[in-house]
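K.L.:
Next comes the sequence, and after it the predicted model I'd like to discuss.
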Amino acid sequence: MEKTLIIFKPDAVMRGITGEIITRFERAGFKIVAAKMLQPDYEHFFEHYEGIGTLKTRKGDEIFESTLASMQDGPVLAMVLEGVEAVETVRKMVGATEPKSALPGTIRGDYAHVNYGQAASAGRGVANIIHASADSDEAKKEIAHWFKDKEIQNYETTHEKFTQPRKK
């Protein structure tokens with residue numbers, strides 16, 4: 001089983017839509033193995049977005065700083081999901097990073113509609129509801145950054161009984 005990190009951004013938390021989105025992941029068969037609400041400081045987000053995700057290196061100072069400022073607008077809900085091909089499947093469920101480009105049926109396509117231009121003209125990061133790890137290597141680093149090993153739970157769900165080999 002693979003693990004991935006998701007972060008409900010302040011726009012999702014403040015809109016009160018996290019429960020609806022969590023339900024979508026659970027219905028797809030993902031297991032929540034860690035969750036916590038917190039309001040990280042600039043340094044924590046710096047490590048997440050640049051130390052691991054290289055956003056500043058890839059997109060420049062303006063996008064980086066506006067993203068970090070937006071992430072500090074309120075609390076976030078960080079979660080670790082576990083399941084078959086969790087990283088790739090969760091990314092598909094989340095949809096394209098720019099909400100206006102996200103297909104209907106994806107989380108961003110259903111819950112957000114802003115575009116990069118609108119966000120930039122407002123001097124803000126794009127309000128795109130949720131972060132999901134880009135690949136399995138990034139997921140491992142992000143999970144270690146957000147959660148201690150003892151915070152990650154190990155249990156069997158009813159769903160797993162039907163997707164795993166029978167115990168003898």
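P.N.:
Nice, I can see it. Numbering: from 1, shown residues only.

K.L.:
number of nearby residues for S101?
P.N.:
13 (other Cβ atoms under 10 Å). C-betas here are computed from N, CA, C, even on glycine.

K.L.:
ok, and what's touching the helix-or-strand element of the chain with minimal mean pLDDT?
P.N.:
Lowest by mean pLDDT, DSSP states H and E among the helices and strands of the chain is helix 116-121, with a mean of 72. Applying Cβ atoms under 8 Å, 6 or more residues apart in numbering, the contact partners of helix 116-121 are E62, S66, E98, G125, V126, A127.

K.L.:
give me the element the nearest residue to M71 once chain neighbours are set aside is part of.
P.N.:
Computed as Cβ to Cβ, 6 or more residues apart in numbering, the closest residue to M71 that is not its neighbour in sequence is F45, at 5.1 Å. Per DSSP states H and E, F45 falls inside helix 42-46.

K.L.:
hang on, the earlier thing: following the least confident helix or strand of the chain, which helix or strand comes up?
P.N.:
Next along the chain after helix 116-121, with elements defined by DSSP H and E, is strand 130-132.

K.L.:
For F30, give me its contacts.
P.N.:
Each residue near F30 by Cβ under 8 Å, 6+ apart is listed here: L81, E82, G83, A86, T89, V90.

K.L.:
This completes my enquiry, with thanks.
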